[in-house]
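Asker: sequence first, predicted model second:
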Amino acid sequence: MSEWTRVAELTDVSRRRKKLVALGEERVALFYADGEVFAFRDACVHKGKSLARGTVLHGRVVCPGHQWAFDLRTGQADDREECQPRYEVRVAEGGVWLRPAALAGSAAAAAGVPAAVNSAPPSARSAAPPSAAAPSVPFPAPPTAATQE
């Protein structure tokens, strides 16, 4: 099972509503909507444009290249078969954590894997968005600063 990686501070993502981060060699677009954080592979499946430069509107991110819209929870493109690869998200200890392996869009959604699992341990709940819920899949605790040397 892949380990969680801290990629951003929650305050940065929630204030700007979107942020481009690196996860190893991969570029990942983070989006903040309705008190949750979502993560997509940054390159749009249609023409490879940066989704981090897109617009978040009504639970979707709209690609700046050709205005394809992707559901933030599933990655599914509106009125199309394509699905944008996404990452599991965890908000804890004031940060945004991702797993290194991208999910396979709608196949992961069909399996019941949420796009965003925004839960925090009791010590970090004050930093979590107000709509944070308990995770629906088991997650290991993210590493602490002391173990990230």
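Answerer: Here it is on my side, so go on. Keep in mind it's a predicted model, so treat the numbers as computed, not measured. Numbers count the residues shown, from 1 in each chain.
Asker: what mean pLDDT does the longest helix seen in the chain get?
Answerer: Using DSSP state H, we find that the single longest helix of the chain is helix 10-16. Mean pLDDT, helix 10-16: 93.
Asker: quick one: list the elements packing against it.
Answerer: Packed against helix 10-16 by the contact rule (3 or more CB pairs under 8 Å, 6 or more residues apart in numbering; DSSP states H and E) you find strand 26-33, strand 36-41, strand 95-98. Any C-beta I mention is one placed from the backbone N, CA and C, and that applies to glycine too.
Asker: L57: which of these is closest?
Answerer: Nearest to L57, of all these, is strand 26-33, at 9.0 Å by CB to CB.
Asker: list the buried residues in that closest one.
Answerer: Using 16 or more other CB atoms under 10 Å as the test for burial, strand 26-33 gives 26, 28-33.
Asker: got the CA coordinates for it in PDB?
Answerer: Output of strand 26-33 as PDB, limited to C-alpha atoms (Å, rounded to 0.1, in the frame of the first residue of the first chain):
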ATOM      1  CA  GLU A  26       3.600  13.900 -11.300                       C
ATOM      2  CA  ARG A  27       1.900  17.300 -11.500                       C
ATOM      3  CA  VAL A  28      -1.300  17.300  -9.400                       C
ATOM      4  CA  ALA A  29      -4.100  20.000  -9.400                       C
ATOM      5  CA  LEU A  30      -5.700  20.500  -6.000                       C
ATOM      6  CA  PHE A  31      -9.200  22.100  -5.800                       C
ATOM      7  CA  TYR A  32     -11.100  23.300  -2.700                       C
ATOM      8  CA  ALA A  33     -14.900  23.200  -3.000                       C
END
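Asker: now that strand: average pLDDT?
Answerer: Strand 26-33 carries an average pLDDT of 96.
Asker: which elements pack onto it?
Answerer: Contacts defined by 3+ CB pairs under 8 Å, 6+ apart place strand 26-33 against strand 5-9, helix 10-16, strand 18-23, strand 36-41, strand 55-57.
Asker: which parts of the longest one are buried?
Answerer: It refers to helix 10-16. So for helix 10-16, counting by 16+ other CB under 10 Å, buried means 10, 13-14.
Asker: and which of those is nearest to R60?
Answerer: V13 (17.2 Å).
Asker: test my guess that that closest one contacts K19.
Answerer: Yes - using CB atoms under 8 Å, V13 is in contact with K19, at 5.1 Å.
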